[in-house]
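> sequence and computational prediction follow.
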Amino acid sequence: MPTTKTLREGSARKRAAILTAARELFVADGFDRSSVDAIAARAEVSKRTVYDYFGDKRTLLKAVVDAVGQSLITTIRRTLDDTLADFTDRAGITDLEDALVAFSMRIATDMLDSSEYATLQRLVRAESGHLPYRGYNSMADTPEEAISERFAAIAAAGLLHVPDPRLAADQFIALTFGVALNRLGSANAAEDARVRPLVVEGVRTFLRAYRTG
């Protein structure tokens, strides 16, 4: 089988088909019971093509986890752009509170309640022994860093005082999604009316600590 140095880039369509097939089988049947033959058949490619593109089944699992993680990161960045991109020194703190609540609720529904997030959690927990190392996280610190960058921009506009934007991001996440997940076991606002009040209070607590003036 080819080494990682000789893997083919191949066509985007075939790579996507292989990743989708592998994801479906890894989630449904588990890593050990999902054969490369079955993955190839579902993707409608040859077994040789799977090996040419990904090298081995472990590398394919990592590629699936990385692809799901990247999709979630894209959701976070898009949500930041949709809800927190337009703050200037003329924007009021009430507007910022509403925007932070909107961002949090969008993340709760579009990300934490998504099939992508459930897939990532399922694969990382169930197949950790087949990933590069225990606790492997394809998202790493990217969500926190993306939020911290936006907080730094809002601070530059004079609405927040955040000497350490990354710490502020960590605390914001803990006060909003973290509280909902810890207390309710879920942040699914569509199915649990208790999520929004927790998020709103978390945002207000964050602003009491970090708003200017």
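Alright, I've got the coordinates. Here the structure is a predicted model, which means the values were calculated and not measured.

> can you find the helix or strand in this structure with the smallest mean pLDDT?
helix 179-184 (a mean of 83; mean pLDDT, DSSP states H and E).

> now do that one: which elements does it pack against?
When contacts are defined as 3 or more Cβ pairs under 8 Å, 6 or more residues apart in numbering; DSSP states H and E, helix 179-184 sits against helix 195-210. Using the backbone N, CA and C atoms, a C-beta is placed for each residue, glycine as well.

> tell me the mean pLDDT for the helix it packs on?
Mean per-residue pLDDT for helix 195-210: 94.

> tell me what that helix is packed against?
Checked by 3+ Cβ pairs under 8 Å, 6+ apart, helix 195-210 has helix 93-106, helix 165-173, helix 179-184 packed alongside it.

> low pLDDT regions in the chain?
1-10, 88-94, 189-190, 213 (pLDDT under 70).

> quick one, which of the helices and strands packed on helix 195-210 is packed in tightest?
With neighbours defined as mean count of other Cβ atoms under 10 Å, those peak in mean count at helix 165-173, which reaches a mean of 19.

> any idea how far residue 69 is from residue 131?
Using Cβ to Cβ, to the nearest Å, residue 69 is found at 12 Å from residue 131.

> the more surrounded of these two?
residue 69 (22 against 18; other Cβ atoms under 10 Å).

> what comes up buried for the longest helix along the chain?
Ordering each helix of the chain by length in residues (DSSP state H) puts helix 57-84 first. Residues of helix 57-84 classed as buried: 57, 59-65, 67-69, 71-73, 75-77, 79-80, 83-84 (neighbour count, 16 or more other Cβ atoms under 10 Å).

> kindly report the same for stretch 113-129.
Buried-residue list, stretch 113-129, by 16+ other Cβ under 10 Å: 113, 114, 116, 117, 119, 120, 123, 124, 127.

> export that stretch to CSV, keeping only CA atoms.
C-alpha atoms of stretch 113-129 as CSV (Å, rounded to 0.1, in the frame of the first residue of the first chain):
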residue,chain,number,x,y,z
ASP,A,113,-27.3,20.3,17.7
SER,A,114,-26.0,19.4,14.2
SER,A,115,-25.4,15.9,12.8
GLU,A,116,-21.8,17.1,12.1
TYR,A,117,-21.2,17.7,15.8
ALA,A,118,-22.8,14.5,16.9
THR,A,119,-20.6,12.6,14.3
LEU,A,120,-17.5,14.2,15.6
GLN,A,121,-18.3,13.4,19.2
ARG,A,122,-19.2,9.8,18.3
LEU,A,123,-16.0,9.2,16.3
VAL,A,124,-13.6,10.8,18.7
ARG,A,125,-15.1,9.0,21.7
ALA,A,126,-15.6,5.6,20.1
GLU,A,127,-12.6,5.4,17.9
SER,A,128,-10.0,7.2,19.9
GLY,A,129,-7.7,4.2,19.9
